[in-house]
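# prediction below, plus the sequence it came from.
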Amino acid sequence: MSRRPARRRRRTKGQINAWLLACVALVSVSLVMALVSWLAAHPWVVLLGLLVAAAAGALWLHRRQEAARWERVRAQSLRYAVEHLDVLHHTQFEYAVRDLMRRDGCPDARQVGGRGDNGADVKATDPFGRRWVIQCKHRKAGWSGSAVGTPDLQVLNGTGRQIHGGDVLVMLTNGRFSRPALDFATSQRLHLVDRHLLVQWAAGSTPLWELLRAVRPPRRPTSLS
């Protein structure tokens with residue numbers, strides 16, 4: 001006896017919901033049709049909307065192009081004082097080196113240092129097609145800090161070409177290198193950037209490949225060769 005009223009209530013509630021949905025759908029269709037009819041009677045509104053959308057798109061594109069242009073200008077004028085580099089965290093130091101490579105014309109330069117980096121902190125391709133593999137050694141004390149030694153260079157020498165496919169292998173530091181490290185680098189065609197050379201590169205505008213000696217010829221001829 002008590003189940004039938006409950007079923008009737010459920011049916012009544014379902015019928016009301018279906019009726020409400022039908023009303024909402026009918027009103028929505030009516031509004032859309034009314035809008036379409038109004039726009040058909042006032043085509044200038046559609047034209048005005050298209051013009052506004054086109055103007056907004058052109059403005060957005062212009063601002064994006066201007067932002068890209070100013071970013072290129074900023075990158076080209078990037079300078080670092082070596083004292084500023086001294087106080088950076090070693091990871092920030094790697095990002096600074098990446099930005100300097102981008103300034104010199106290597107848009108694909110990226111920071112890759114970290115756990116398991118296999119001896120590479122920054123990798124880049126220069127405008128001549130040469131692949132650069134750079135290992136960074138940051139010293140808080142600068143020139144007075146511990147010298148970068150042969151073991152660090154051995155890691156770079158063992159992975160730079162075989163694993164990273166580098167054409168130019170660079171060990172870079174804001175400090176100095178030991179005498180054995182200098183001899184090892186010469187014998188293995190590794191390039192060293194110590195504090196003195198870093199000052200010239202970071203504070204100037206000359207690409208690193210013009211500051212280093214005996215950089216191998218371009219991988220492939222380009223308009224810049």
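All right, it came through fine. Everything quoted here is computed from the prediction, not taken from an experiment.

# let me see the contact set for the closest residue to residue 193 other than its chain neighbours.
Beyond its immediate neighbours in the sequence, the residue positioned closest to residue 193 (C-beta to C-beta, 6 or more residues apart in numbering) is residue 172, lying 4.1 Å away. Every C-beta, even on glycine, is put in place using the N, C-alpha and C of the backbone. By C-beta atoms under 8 Å, 6 or more residues apart in numbering, the contact set of residue 172 is 97, 134-137, 192-193, 198.

# so residue 172 versus residue 46, what's the distance?
Applying C-beta to C-beta, to the nearest Å, one obtains 60 Å for the distance of residue 172 from residue 46.

# circling back to that earlier point, quick one: the residue nearest to residue 193 is in a strand?
Yes: read with DSSP: H, G, I helix; E, B strand; the rest coil, residue 172 is one of the residues of a strand.

# okay, and the beta partners of it?
Beta bridges link residue 172 to residue 136, residue 193 when assigned by DSSP bridges.

# could you report the pLDDT at it?
Looking at residue 172, its pLDDT stands at 98.

# repeat for residue 149
Per-residue confidence (pLDDT) for residue 149: 97.

# same check on residue 167?
95.

# distance check, it against residue 89.
29 Å.

# who's more crowded, these two?
When residue 167 is set against residue 89 and neighbours are counted by other C-beta atoms under 10 Å, the residue ahead is residue 167, at 19 against 10.

# and this structure, what are its domains?
The chain breaks down into these structural domains: 3-75, 82-211 (assignment by automatic domain parsing).

# which of the ones you listed sits most buried?
When the domains of the chain are scored by mean count of other C-beta atoms under 10 Å, the highest mean neighbour count falls to domain 82-211 (a mean of 18).

# which helices and strands sit right next to the strand or helix carrying residue 12?
Under the assignment given by DSSP states H and E, the secondary-structure element containing residue 12 is helix 3-41. Under the contact criterion of 3 or more C-beta pairs under 8 Å, 6 or more residues apart in numbering; DSSP states H and E, the helices and strands touching helix 3-41 comprise an empty set.

# alright, that wraps it up for me.
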